[in-house]
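Colleague: No letters, just coordinates:
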């Protein structure tokens, strides 16, 4: 049985989050570099198939810097993704929940 468009879109959202998190976790970040890093992450994820929009927010007010920078982790990030397949659109997000960066599907819409 082939996956549905909805299942494929949800799977793609998960792939994008896995790529984003594991590619960029540990990247040095400071208040002055946060904006350019947000843009780099967004463009990187938007290059992947099906991703039509990525919005990354690095919360500079949460950065715990030593020597002027820290390592990027999920506790500093909010991410929103829009993934499209031929028949479905998925909105997904990553945000901190109880001290853990949770990645969730927000909604799935069929395209007619």
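Modeller: That came through fine. As the structure is a computational prediction, the values presented were derived from the model and not from experiment.
Colleague: Return the set of residues that bridge with residue 71.
Modeller: residue 28 (DSSP bridges).
Colleague: Mind listing what's buried along the strand or helix carrying residue 42?
Modeller: Here residue 42, judged by DSSP states H and E, is contained in helix 34-46. In terms of neighbour count (16 or more other C-beta atoms under 10 Å), helix 34-46 has its buried residues at 34, 37-38, 41-42, 44-45. Placement of C-beta: from N, CA and C, glycine included.
Colleague: Likewise for stretch 18-36?
Modeller: Buried, per 16+ other C-beta under 10 Å, within stretch 18-36: 20-21, 24, 29, 33-34.
Colleague: Can you give me the end-to-end span of it?
Modeller: 21 Å (C-alpha to C-alpha, to the nearest Å).
Colleague: How about stretch 62-75?
Modeller: End-to-end distance of stretch 62-75 (C-alpha to C-alpha): 8 Å.
Colleague: picking up where we left off before, and the buried residues of stretch 18-36, which two are the farthest apart?
Modeller: Farthest-apart pair in the buried residues of stretch 18-36 is 21 and 33; separation 18.5 Å (C-beta to C-beta).
Colleague: Let me see the contact set for residue 12.
Modeller: Residue 12 makes contacts with 48-51, 83, 85, 90, as judged by C-beta atoms under 8 Å, 6 or more residues apart in numbering.
Colleague: Name the residues that touch the helix holding residue 42?
Modeller: 16, 19-20, 23-24, 27, 29, 51-58, 60, 63, 72, 79, 81.
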